[in-house]
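In: how would this look folded up:
(2 chains)
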Amino acid sequence: MASHGIRDRVAIVGMGCTNFIENWGSGLDDLIIDASNDAYASAGVTKDDVDAYWFGTAQSGMSGITLARPLQLQNKPVTRVENYCATGSEALRQASYAVASGAYDLVMVVGAEKVKDTGYQGLNAFPVPNDGTGRTLTAAAMFSMIVPAYGHKYGVDDDTMRAVLSHIAVKNHYNGARNERAQFRKEISVEQVEKSPKMAGTLGVFDCAGVADGAAAAIVCRAEDAHRYTDKPIYVKALSFVAGNGSGLIDPSYDYTTFPEIAACAVDAYAQAGVKDARAEVAMAEVHDCFTPTELVLMEDLQFSERGTAWRDVLDGVFDLDGELPVNPDGGLKSFGHPVGASGLRMMFEAFLQLRGEVPDERTISSLSEGRKLALTHNLGGYPGEMVSFISLLGAELD
Amino acid sequence: MRGIVSWGAYLPYRRLDRSLITQFLGQGGGRGTRTVASYDEDAATMGVEASRLALKATDLTPDTVLFATVATPYVDKTSATTVHAALRLPDSALALDLGPSVRSAAGGLRLALSGAGTTLVVAADLRTGLAGSADEASGGDAAAALVVGEGDAVVAEHLGGASATEEFLDRWRTPGEIRSKVWDDKFSELTYIGLGRRAFKEGLAAAGLSVADVDVVAVAAPTARIGKAMAGKLGVERVAPDLTDTVGSTGAAQPALLLASMLEAAEPGQVLALVVLADGAEVSFFRTTPALASFTATRPVADQLAGGAPLTYNRFLSWRGMIDLEPPRRPEPARMSGSAAARSTDWKYGFVGSRDREDGTVFMPPSRVSFDGERTDQMDAEPMADVKGTIATFTVDRLAYSPSPPIVFAVVDFDDGGRLPIELTDTDADEVEIGGRVEMTFRKLFTADGIHNYFWKGKLIRG
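Out: You can find the predicted model right below:
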């Protein structure tokens, strides 16, 4: 038994992505149609060319019909996928495996979420009937518990922790300000971050990702067929997924300074892609910066920084747009907001653009031209202690 | 020999300085403080806390639970069953709610004393009135539990007593109302004093005592004034403190609370009298036994009086539903599932986890499968309600729905194994730190669709 992966067996040949905004004028169907049409056009195909569909949405609709109806798909298989906030990524993983298996030649993945029709702030999970003993905290509160735990473990004082988290927020907004699809397109200052109203623990509004509506789509085929559709296919090097057993919630050895599910997922992803030294080989990463401390800990779980040192790398600008290993060059969840089903594909969309050299100059990263060849996307769902993790590695060249 | 075997009293953590009422409203208020049940407490949860203390101090297991309160969490549904579940009593035990009047609480004790077996008599109350009213200022919230039984463990033998029952209009409240009304204080006082004197005299005779034999008397009365007037007419030199200056008049909880407080100050061989004035008069006499000398109250009333923390009047009004504060714009929690809750009664009400027989791992909530997934159904029940813990990390959630935001929340590691991320109560945001010590308390998380969702929270151990 082993996780073999499907390195270089499938390729993404077209993608689409809507603007991520509080989109009062568009419903779920509009978002799906816009992202899908962009993806069809990107790959130069029509909906009838596509053999099968995977549709990721956390709670904007149920069943494949939610996709088949707005796209008017005729007798096509459509699988609706849900896997917490990693829903969009998971849809692509399933679709890729279907292509690799030989079951289909050409498939499409659509991830979409209409969040802003609830009338509430933040994301809200659909309540499953239960015994009433579960926690009722916001995600912000759950992730805020990293901050004192990390500072305590590694001897980072409160002011330094604050500076690290602010750097992450400022960086992602700097990147997002250079992205026309981002929800927040303004640079922010450290002072603005630190003076923002407190939400949970020491986290203020600017430590938290926004909430937006959005959709993204990808068209996937076998690697050997990729050049039928595009001159610049993006090859899938690794697709890794871990669903945690929730043990961190009840295991006293879990210390809230790491996400073990993600660390395990990274080991698997790098093995699939043949990566020996992630810090040296990965050109860019789109990671799940739902809250600023999340991104900090991810730098260690993804092996970009040694344990207990990511805070220093953050302050040194290693992950800045012009840094050694740019993280969230598109602005991340911080700038885009988090339409759950779409976010994983939005991350891939940035990797797709960067690897194809299709981003505007002001957002172009230098690490690719310096010989690094891999883009990583990382998407998580759940909370510290109880999490699902997805990691992909993508590249523009076959190995 | 039949009598009191054990007791436990519970005073909620928050105290309202009555002068704050006057400052805010320009009327009402007064001197001293009153206890205030937290927003997540009701008569059932406070009854559970008092009962836990009472049962910790005895080896006896009650076969009957009598629960009395005016502030009934439910009608049509029994709340004694909630208390019974949280205490993890055998399902063969009889658990009953007594009627929603102060008289029921006094009567429950009389029934237990004249009955057989081991009876847990629990009384709890939340007293309030309209803003600026006498009831609001003079009331108090508390619970007290008495274990009544037989044998050498009896610390206060029941010597006898008497009842006087009278239909007259002192105070009343129709179901659903938030406050009681009072006919005429002077009329009540005169009526009660006549009833009390008569019952006291008959009680002495029934117990074979003369007034001179009584060392101390406690009087539970609708108001401090009536109680003091009554005490002055009984001819007993020592009158036990009525706690109205610090706790308030605690309604259904008052008879057992005053008896508990009197027992804590008593020595073996003393005769104690309890007089309760409520739609009549109930009088009971006790003689403390040598067993009292070796009895240790789990959390004495005097200690709880010395603890506690101040509460602002505006928050008191909000907790009592007298003012509605704008909630966070987050969905309110959904009602709990009745059938799901029934399947997890031991966990939800009793806070019982499981312990892996092989590697000793503690699971909260209980698990059927070991951490490594190797073994199924090889666990033992692990009661955790009395286990203390240490804060591993924490947060304050200002956005999540709570009846009283913000939510203070901690990851708690329990002594001898087990971890649970859980809400803290009776705890201010600036008090929490890594390494802080926590104990468990039974609370009401929220009410949805009229269903009270009871579960446990942590609270800081101070001092």
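In: just the pLDDT at A:Met1, thanks.
Out: Taken from the predicted model, the pLDDT recorded for A:Met1 is 68.
In: which non-adjacent residue is nearest whichever residue of chain A sits closest to chain B?
Out: For chain A, the residue positioned closest to chain B under C-beta to the nearest C-beta is A:Gly132, at a distance of 3.1 Å. C-beta coordinates here come from the backbone N, C-alpha and C atoms, glycine included. What sits nearest to A:Gly132 in space, not counting adjacent residues and going by C-beta to C-beta, 6 or more residues apart in numbering or on different chains, is B:Met336, at 3.1 Å.
In: who's in contact with that neighbour?
Out: Counting by C-beta atoms under 8 Å, 6 or more residues apart in numbering or on different chains, B:Met336 touches A:Asn130, A:Asp131, A:Gly132, B:Ala448, B:Ile451, B:Asn453.
In: sec struct for it, please.
Out: When the structure is split into helix, strand and coil by DSSP: H, G, I helix; E, B strand; the rest coil, B:Met336 lands in coil.
In: mind jotting down where the helices sit in the chain?
Out: No chain was given, so I picked chain A. A:28-43, A:65-71, A:87-100, A:139-144, A:146-154, A:158-176, A:190-195, A:247-250, A:260-273, A:278-281, A:292-301, A:310-315, A:332-336, A:340-356 (DSSP state H).
In: that's the wrong chain, I meant chain B
Out: Under the criterion DSSP H, chain B contains helices at B:18-25, B:43-56, B:80-86, B:102-114, B:134-138, B:185-207, B:224-232, B:254-265, B:301-306, B:313-319, B:338-343, B:345-348.
In: out of these, which is closest to A:Glu82?
Out: With C-beta to C-beta as the criterion, A:Glu82 lies closest to helix B:338-343 of these, at 21.3 Å.
In: before we move on, the earlier item: the helices of chain A: which one's closest to B:Ala291?
Out: Distances from B:Ala291 to each of the helices of chain A were compared using C-beta to C-beta; the shortest belongs to helix A:247-250, at 42.1 Å.
In: can you tell me the closest non-neighbouring residue to B:Val396?
Out: Once flanking residues are discounted, B:Val396 sits nearest to B:Ala429: 4.5 Å by C-beta to C-beta, 6+ apart.
In: for that neighbour, the count of nearby residues, please.
Out: Summarising burial for B:Ala429: neighbours were counted as other C-beta atoms under 10 Å in any protein chain shown, giving 15.
In: follow-up on the earlier one: next up, the contacts around the residue of chain A closest to chain B.
Out: Shown in contact with A:Gly132 (C-beta under 8 Å, 6+ apart): B:Pro333, B:Arg335, B:Met336, B:Ser337, B:Ala340, B:Ala341, B:Lys348, B:Leu445, B:Asn453, B:Tyr454, B:Phe455.
In: repeat that with 10 Å
Out: With contacts defined as C-beta atoms under 10 Å, 6 or more residues apart in numbering or on different chains, A:Gly132 is in contact with B:333-338, B:340-341, B:344, B:348, B:445-446, B:448, B:451-455.
In: what does A:Asn245 give?
Out: With contact set as C-beta under 10 Å, 6+ apart, A:Asn245 has these partners: A:Asp251, A:Glu261, A:Glu386, B:Ser367, B:Val369, B:Phe371, B:Gly373.
In: from the residues you listed, which land in strands?
Out: A:Glu386 (DSSP state E).
In: need the contacts of A:Asn245 in a markdown table (columns: distance to A:Lys76 and neighbour count).
Out: Supplementary listing: these in a markdown table, determined by distance: C-beta to C-beta, whole Å; neighbours: other C-beta atoms under 10 Å in any protein chain shown:
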| residue | distance to A:Lys76 | neighbour count |
| --- | --- | --- |
| A:Asp251 | 44 | 19 |
| A:Glu261 | 33 | 26 |
| A:Glu386 | 35 | 19 |
| B:Ser367 | 42 | 20 |
| B:Val369 | 39 | 15 |
| B:Phe371 | 43 | 16 |
| B:Gly373 | 38 | 8 |
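In: which one of the contacts of A:Asn245 is nearest to B:Leu317?
Out: Proximity to B:Leu317 was ranked across the contacts of A:Asn245 by C-beta to C-beta; first place goes to A:Glu386, at 37.9 Å.
In: the closest residue in space to B:Met364 that isn't next to it in sequence: neighbour count?
Out: Excluding its sequence neighbours, the residue lying closest to B:Met364 (C-beta to C-beta, 6+ apart) is B:Gly353, at 4.0 Å. The local packing count at B:Gly353 equals 26, with neighbours defined by other C-beta under 10 Å.
In: try B:Ala306
Out: Neighbourhood size, B:Ala306 [other C-beta under 10 Å]: 10.
In: ok so, going back, quick one: the residue nearest to B:Met364 and B:Arg368, what's the gap?
Out: 12 Å (C-beta to C-beta, to the nearest Å).
In: same thing with A:Lys47?
Out: Taking C-beta to C-beta as the measure, A:Lys47 falls 47 Å from B:Arg368.
In: low-confidence stretches in chain A?
Out: Across chain A, the ranges flagged by pLDDT under 70 are A:1.
In: one more pass at 80, please.
Out: Of all residues in chain A, those with pLDDT under 80 make up the ranges A:1, A:121-126, A:135-136.
In: show the contacting residues for the residue of it most remote from its centre.
Out: Among residues of chain A, the one most distant from the C-alpha centroid is A:Asp131; the distance is 32.3 Å, by C-alpha atoms, centre = their mean. For A:Asp131, the contact set (C-beta under 10 Å, 6+ apart) comprises B:336-345, B:347-348, B:365, B:453, B:455.
In: at 8 Å what do you get?
Out: When contacts are taken as C-beta under 8 Å, 6+ apart, A:Asp131 is in contact with B:Met336, B:Ser337, B:Ala340, B:Ala341, B:Arg343, B:Ser344, B:Trp347, B:Lys348.
In: out of these, who's nearest chain A?
Out: Proximity of those to chain A, judged by C-beta to the nearest C-beta, is greatest for B:Met336, which lies at 3.1 Å.
In: got the residues of the stretch 51-200 of chain A near chain B?
Out: A:118-122, A:124, A:127, A:129-133, A:135-138, A:140-142, A:144-146, A:148-149, A:152, A:198-200 (C-beta under 8 Å from any C-beta of the partner chain).
In: just the buried members of the residues you listed?
Out: In those, burial by neighbour count holds for A:122, A:131-133, A:135-138, A:140-142, A:144-146, A:148-149, A:152, A:198-200, counting by 16 or more other C-beta atoms under 10 Å in any protein chain shown.
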